[in-house]
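# Provided below for reference: sequence and predicted model.
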Amino acid sequence: MSFEQLNLDPRILKALKEIGFEKPTDIQAKSIPIAMEGKDIIGESMTGSGKTAAFAIPIVQKMEAKKGVQALILAPTRELAMQISQEFEKFSKYMGLHVAIVYGGVSIVPQIDRIRHSEIVVGTPGRLVDHLTRRTLDLSGLKVMVLDETDRMLDMGFIDDIRKIFSKVPNNRQTMLFSATVPEEIRYLTQNYMKHPIKISAQKHVSRHLLKHTYYDVNQDQKPGILAHLIKIENPELAMVFCSTRHMSDILARKLYNFGIQAKAIHGGLSQPARTNVLEGFHKGRPKILIATDVAARGLDIKTVTHVFNFDIPKTVDDYTHRIGRTARFGKEGKAISLLCKHDHDSFRRIIQHIKIEKEYAKDFDPKQYQDTSEKRQQKSYEKRYDEQDHKQKRFRRMNREYYSRR
């Protein structure tokens, strides 16, 4: 199937051709015709499968210029909201439409002005509620509402904000939910806010022949060193390293730097300009290693990631699926490497029940070579104090011998 067969506006086809979209992906081919009919959709497909275009293209087709806000897209993170808005701008290049992006952490004033002149609004739930409370966002003319990465929004506790937003939109709207996984929690949304939704499933996992899954049994104190060792051996084009907390992400970035590896951490604790700078640098390969938490990485669209390292093991199969979906995209090969400690066995056992992961060994790994420089300094300081103390003791014994020999 080609995009020409989907009965799209010639101006959209022109934009798609310019950005190199030759034929729709599985999720796009299945979703676009149904979305253009105005039906509610639950779309499930792996990360990197083209879900954004699956709902953005039919939305752009339906919009009428200068008729107020007609489409609202909710995203769990600022980065994903930014990427979605950029995609909308590409698809609507020749349609005379405007896109407003709204998220927290920045001034609300420019957003208010942008909303006034836009047909499409993309934002995070918290800031959208702020606009609705201030009455700076009018949704009375809304035609389409989309929840992207729905499972992550629920995980992050946005359900109350989502309810508030749904209470402000017309009942005759079209509603679409898209996600890499569709857990039971989403049933509440489908029962209360959707009308006879059609469930569309596309590829949920990367093909086995493209993505190699491996794990290493390691000691907790050796994990940073083994990670650095594997990064040097694998020499990834771009790699993402997943940690469970912001604090661990920062610590690991410093440790890798001490091992001679340039890496940057991204998480919710960074300011928006700092996060943007890190992502822009990573896209350009400066640095080649991005350390992230699951929340911060959700929705990041980086097409050339060759390796995913699970420094901390994810708690669920769904989280593992989201992580590894960053690599082996668009027919390219990739690797997913997990570092497994004793306390990870319960979580990892649930994962390997669904995904075959091969065990490997860190050959030629020398713990002394990857001893943290701060630890080395501490060790040298200890050795110096020991030598000084030993010297004092020897001197004291010598003086004693000299004293008693004179008596």
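Arrived safely. Numbers count the residues shown, from 1 in each chain.

# Can you tell me the SS state at Ala65?
Following DSSP: H, G, I helix; E, B strand; the rest coil, the label given to Ala65 is coil.

# Setting the sequence-adjacent residues aside, check what's closest to it.
With sequence-adjacent residues excluded and distances taken as CB to CB, 6 or more residues apart in numbering, Ala65 is closest to Gly96, at 4.4 Å. Any C-beta I mention is one placed from the backbone N, CA and C, and that applies to glycine too.

# Shouldn't that neighbour be within a helix?
No - using three-state DSSP, the assignment for Gly96 is coil, not a helix.

# In which helix or strand does the nearest residue to Ser92 once chain neighbours are set aside reside?
Spatial nearest neighbour of Ser92, chain neighbours left out: Val60 (4.7 Å); criterion: CB to CB, 6+ apart. Using DSSP states H and E, Val60 maps to helix 51-62.

# Skip ahead from that helix and say which helix or strand is next.
Counting by DSSP H and E, what follows helix 51-62 is strand 71-74.

# Can you tell me which residue is spatially central in this structure?
In the chain, the residue lying closest to the centroid (CA atoms, centre = their mean) is Ala297, at 1.9 Å.

# hang on, isn't it packed against Met240?
Yes - the pair Ala297 and Met240 passes the contact test of CB atoms under 8 Å, sitting 6.6 Å apart.

# list residues touching both of those two?
Overlap between the contact sets of Ala297 and Met240, as judged by CB atoms under 8 Å, 6 or more residues apart in numbering, is given by 323, 326.

# any idea how far the residue nearest to the centre of the chain is from Ser140?
Distance, Ala297 to Ser140, by CB to CB, to the nearest Å: 36 Å.

# hang on, the earlier thing: what is the burial count for the residue nearest to Ser92?
27 (other CB atoms under 10 Å).

# For the helix or strand where Thr276 lies, give me every contacting residue.
Here Thr276 sits within helix 272-283, counting by DSSP H and E. Outside helix 272-283, the residues that touch it by CB under 8 Å, 6+ apart are 78-79, 82, 103, 105-106, 238, 264-266, 270, 287-288, 290, 296, 300, 302.

# Now do the buried residues in that helix.
Residues of helix 272-283 classed as buried: 275, 278-279, 282 (neighbour count, 16 or more other CB atoms under 10 Å).

# Alpha carbons of it, in PDB - could you do that?
Once non-C-alpha atoms are left out, helix 272-283 reads as follows in PDB (Å, rounded to 0.1, in the frame of the first residue of the first chain):
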ATOM      1  CA  GLN A 272      13.900  22.300  29.800                       C
ATOM      2  CA  PRO A 273      16.700  24.100  28.100                       C
ATOM      3  CA  ALA A 274      19.200  21.600  29.600                       C
ATOM      4  CA  ARG A 275      17.200  18.600  28.500                       C
ATOM      5  CA  THR A 276      16.800  20.100  25.000                       C
ATOM      6  CA  ASN A 277      20.600  20.700  24.800                       C
ATOM      7  CA  VAL A 278      21.400  17.100  25.800                       C
ATOM      8  CA  LEU A 279      19.000  15.700  23.200                       C
ATOM      9  CA  GLU A 280      20.200  17.900  20.400                       C
ATOM     10  CA  GLY A 281      23.800  16.900  21.200                       C
ATOM     11  CA  PHE A 282      22.800  13.200  21.300                       C
ATOM     12  CA  HIS A 283      21.100  13.400  17.900                       C
END
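
# roughly how far is it from the heart of the chain?
On the basis of CA atoms, centre = their mean, to the nearest Å, helix 272-283 is displaced by 13 Å from the centre of the chain it belongs to.

# helices or strands up against the next helix or strand after it?
Reading on from helix 272-283 to the C-terminus, the next helix or strand found by DSSP H and E is strand 289-292. Using 3 or more CB pairs under 8 Å, 6 or more residues apart in numbering; DSSP states H and E as the contact test, the elements touching strand 289-292 are strand 239-242, helix 246-258, strand 263-266.

# domains for this structure, by residue range?
Following automatic domain parsing, the chain resolves into domains at 3-201, 211-359.

# Let's have those in a markdown table, adding mean pLDDT and distance to Phe365.
What follows is these, written out as a markdown table (pLDDT from 0 to 100; distance: least, CB to CB, whole Å):
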| stretch | mean pLDDT | distance to Phe365 |
| --- | --- | --- |
| domain 3-201 | 94 | 31 |
| domain 211-359 | 89 | 5 |
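
# Quick one, which of the ones you listed gets closest to Gln371.
domain 211-359 (7.3 Å; CB to CB).

# Backbone dihedrals for Lys284, please?
Lys284 adopts backbone torsions of phi -90, psi 0, taken as degrees, to the nearest 10.

# count of neighbours near it?
Around Lys284 there are 10 residues (other CB under 10 Å).

# Any figure for the gap between it and Leu238?
Distance, Lys284 to Leu238, by CB to CB: 10 Å.

# Check Ile231 too.
Computed as CB to CB, the Ile231 to Leu238 distance reads 12 Å.

# Ok, Ala53 next?
Taking CB to CB, one finds Ala53 at 22 Å from Leu238.

# cool, and Lys195?
42 Å.

# Show me which of the two is the more surrounded one.
More crowded of Lys195 and Leu238, by other CB under 10 Å: Leu238, with 20 against 12.

# The more buried one - nearest residue in space that isn't next to it in sequence?
Val305 (4.8 Å).

# For that neighbour, identify the helix or strand it belongs to.
Judged by DSSP H and E, Val305 forms part of no helix or strand.

# Please apply the same query to His229.
Using DSSP H and E, His229 sits within helix 223-234.

# Counting by contacts, list what that helix packs against.
Helix 223-234 is packed against helix 246-258, strand 307-310, strand 334-340, with contacts defined by 3+ CB pairs under 8 Å, 6+ apart.

# List the buried residues for that helix?
Buried, per 16+ other CB under 10 Å, within helix 223-234: 223-231.

# Next, the angle from that helix to helix 246-258.
Put simply, helix 223-234 runs at 50 degrees to helix 246-258, going by axes from the mean of the first three to the mean of the last three CA atoms, to 10 degrees.

# Pull helix 223-234 out as CSV, backbone CA atoms only.
Below are the C-alpha coordinates for helix 223-234, written out as CSV (Å, rounded to 0.1, in the frame of the first residue of the first chain):
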residue,chain,number,x,y,z
LYS,A,223,28.4,-2.8,37.2
PRO,A,224,29.8,0.7,36.2
GLY,A,225,33.1,-0.9,35.2
ILE,A,226,31.5,-3.7,33.2
LEU,A,227,29.2,-1.3,31.5
ALA,A,228,32.2,0.9,30.5
HIS,A,229,34.1,-2.3,29.3
LEU,A,230,31.1,-3.4,27.2
ILE,A,231,30.7,0.1,25.7
LYS,A,232,34.3,0.1,24.6
ILE,A,233,34.0,-3.4,23.1
GLU,A,234,30.7,-2.8,21.3
